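J.: Give the three-dimensional model of this entry:
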Amino acid sequence: MNKAFTRENDGEDEEEDAGPLLRLPPGTRNYITPGGYARMRDELDFLLKTERPRIVDTVQWAASNGDRSENGDYLYGKKRLREIDRRIRFLTKRMDAAEVVDPAVRRENLDRVFFGATVTVGIESGETHIYRIVGVDETDAAKKRISWISPLARALIKACEGDTVRFLSPSGWREIDVLRVEYLPVDP
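T.: Here you go, the predicted structure:
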């Protein structure tokens, strides 16, 4: 059958394509920090104003060369356009559903862990780690930004400075001590 008549993925399963780490539990809000929202908006602007027009120009040029069935620039360009369009739809949906929460403006319960908190914890070995509790779309293990729906963050939520919390990690049950709770602006 000719590829021109096959149906491609219409993007309805974008949430499944996002992977298990980016899926929100049903009925939960999509909390995000102002910095995370700005990063998503910047990516969307880049895709709409820079990347997509550049690929469209490439596809138009490749199409003008004639035979499209064996034209690598054309085939790759069309595939890349589908990827960009899928990402644009995903970002648009996520941004529409996002609830921006600025941790820097929090004025009450500053010693308790909630969304946006920067938490210093002590582990059994005596080491300390600092984590920021952020939205699902802005997690970054290298920067110690953990999703508010992760097991560690769920254990920390509502804990106070001085509390010991227990949670199930991939390596089994662990206990950590909450040493410090801060609400700082999250960098963009």
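J.: Checking the residue of the chain positioned farthest from its centre next. Helix, strand or coil?
T.: Distance to the chain centre peaks in the chain at residue 66, reaching 40.6 Å (criterion: C-alpha atoms, centre = their mean). At residue 66 the chain is in coil, as set by DSSP: H, G, I helix; E, B strand; the rest coil.
J.: just how off-centre is the longest helix anywhere in the chain within its chain?
T.: Using DSSP state H to define each element, the chain has its longest helix at helix 72-97. How far helix 72-97 lies from its chain's middle: 16 Å, per C-alpha atoms, centre = their mean, to the nearest Å.
J.: So in that sheet, which strands flank the helix or strand just after it, and in what orientation?
T.: Using DSSP states H and E, the next helix or strand after helix 72-97 towards the C-terminus is strand 98-100. Note on strand 98-100: by DSSP bridges, its sheet partners are strand 30-32 (parallel).
J.: For the helix or strand hosting residue 56, name the packing helices and strands.
T.: In this structure, residue 56 sits in helix 52-63 according to DSSP H and E. For helix 52-63, the packing partners by 3 or more C-beta pairs under 8 Å, 6 or more residues apart in numbering; DSSP states H and E come out as helix 72-97. Using the backbone N, CA and C atoms, a C-beta is placed for each residue, glycine as well.
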